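**Student:** what follows is a predicted protein model with its sequence.
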2 protein chains.
Amino acid sequence: MPCEKEAFHQLAILVLRIGHRLVRDDRATTHLFLAARALGADTAVYSGQKDMGVENSLDKVKKAWGGSFKLEYTYNWKRFLEDHRSQGWKIIHLTMYGLPIESTIEDIRSNPADKIVVVGGPKVPSDVYEIADWNLSVTSQPHSEISALSVFLHEFFKGNELSKEFYNGELRITPQAKGKKVTRQTST
Amino acid sequence: MPCEKEAFHQLAILVLRIGHRLVRDDRATTHLFLAARALGADTAVYSGQKDMGVENSLDKVKKAWGGSFKLEYTYNWKRFLEDHRSQGWKIIHLTMYGLPIESTIEDIRSNPADKIVVVGGPKVPSDVYEIADWNLSVTSQPHSEISALSVFLHEFFKGNELSKEFYNGELRITPQAKGKKVTRQTST
């Protein structure tokens, strides 16, 4: 069995999605977590309505495509943040109202603590702005939490996340100039 | 009236979304176009089912937040691509099966032609792979077309898109370390 060598970075990076709503948010939250997984986060946690559809989608992707990404649910996001903060984690809140990523990313990168990236959406409670160590904007224009998270992770990891390996999946893509090449992995 | 000075780059960058479906895709396509707008694309075009909901959402954002982003519909995406290609445009297709962005972006950046970025989704017709000048992957893992487009635009523009100005909007954010500061613009 191939050993797990996903740790291309030394810190834990956790994405917290606040206020998930069944049906209405299922696709957006699933895509958010898939982006978190593909772009180097270790764990996603969500609050709001518990959603087995989202959880099953992530399980299927992990089984097919590998890696050790974890998805968890918390009923009380505020306590979750406070508990982690008291253990030394630092909190980044992605919001179009925050300070530009261009002027904050180096400060965040050079901070040695484990990190939580909070993704709230337009109706995020004002508490989040207070508890965050950085309120960070990816442009001050409205767009998408998926987009903001993706640019943040790509900047945070300086592009190294793009070559992250995902072990123990059933399928593997061999990149092609044209067409698709997918091979089924045999367990060893 | 402030003059329009959005041209932080010299080329036209157009995002083409193929196969939009009413209701099912409305939020994903809206977020895709908002990300395209916020991260420096000039124009988005979509095919599939015409969707006044998506178009109205983009109009509202443009009215409130400014800029000259255009959204158009085409019935025949293949003819649209062929026509543009015959006029010298180059075509990039974002797909998890394509060649890694790390090894292709410099080639794309240094190409002087106007560009179309095609976002198709899992059931994109195989013709797209053939007509594209570059089939490009942002990781070979499944995630989100919004995520892939965002990382692509951010890489393509080398981060300069983050400081793009959007003129003639009604609202403007002043970035804050905590909280929200939005001011209403007065026409001059």
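**Tutor:** Here it is on my side, so go on. The structure presented is a predicted model; accordingly, all values stated were derived computationally and were not measured.
**Student:** now do the contacts for A:Met52.
**Tutor:** For A:Met52, the contact set (CB atoms under 8 Å, 6 or more residues apart in numbering or on different chains) is empty. C-beta: built from backbone N, CA, C; applies to glycine.
**Student:** how far off centre is the longest strand seen in chain A?
**Tutor:** In chain A, ranked by residue count with DSSP state E as the criterion, the top strand is strand A:90-100. When C-alpha coordinates are averaged (CA atoms, centre = their mean, to the nearest Å), strand A:90-100 and its chain have centres 15 Å apart.
**Student:** likewise stretch A:38-50?
**Tutor:** The chain centroid and the centroid of stretch A:38-50 are separated by 6 Å under CA atoms, centre = their mean.
**Student:** list the buried residues of it.
**Tutor:** The neighbour-count check on stretch A:38-50 (16 or more other CB atoms under 10 Å in any protein chain shown) flags A:Ala38, A:Leu39, A:Gly40, A:Ala41, A:Asp42, A:Thr43, A:Ala44, A:Val45, A:Tyr46, A:Ser47, A:Gly48 as buried.
**Student:** farthest pair in those residues?
**Tutor:** With distance counted by CB to CB, no two of the buried residues of stretch A:38-50 lie farther apart than A:Gly40 and A:Gly48, which are 24.1 Å apart.
**Student:** count of neighbours near the spatially closest residue to A:Val119 that is not a sequence neighbour?
**Tutor:** Closest residue in space to A:Val119, ignoring its immediate chain neighbours: A:Glu145 at 4.7 Å, by CB to CB, 6 or more residues apart in numbering or on different chains. Residue neighbour count, defined by other CB atoms under 10 Å in any protein chain shown, stands at 23 for A:Glu145.
**Student:** ok, A:Glu145 - contacts?
**Tutor:** Residues in contact with A:Glu145, defined by CB under 8 Å, 6+ apart, are A:Arg17, A:Ala28, A:Leu32, A:Leu94, A:Val119, A:Gly120, A:Gly121.
**Student:** just checking, what packs against the one helix or strand A:Val118 maps to?
**Tutor:** Under the criterion of DSSP states H and E, A:Val118 resides in strand A:115-119. In terms of contacts (3 or more CB pairs under 8 Å, 6 or more residues apart in numbering or on different chains; DSSP states H and E), strand A:115-119 is packed against strand A:13-20, helix A:77-86, strand A:90-100, helix A:145-156.
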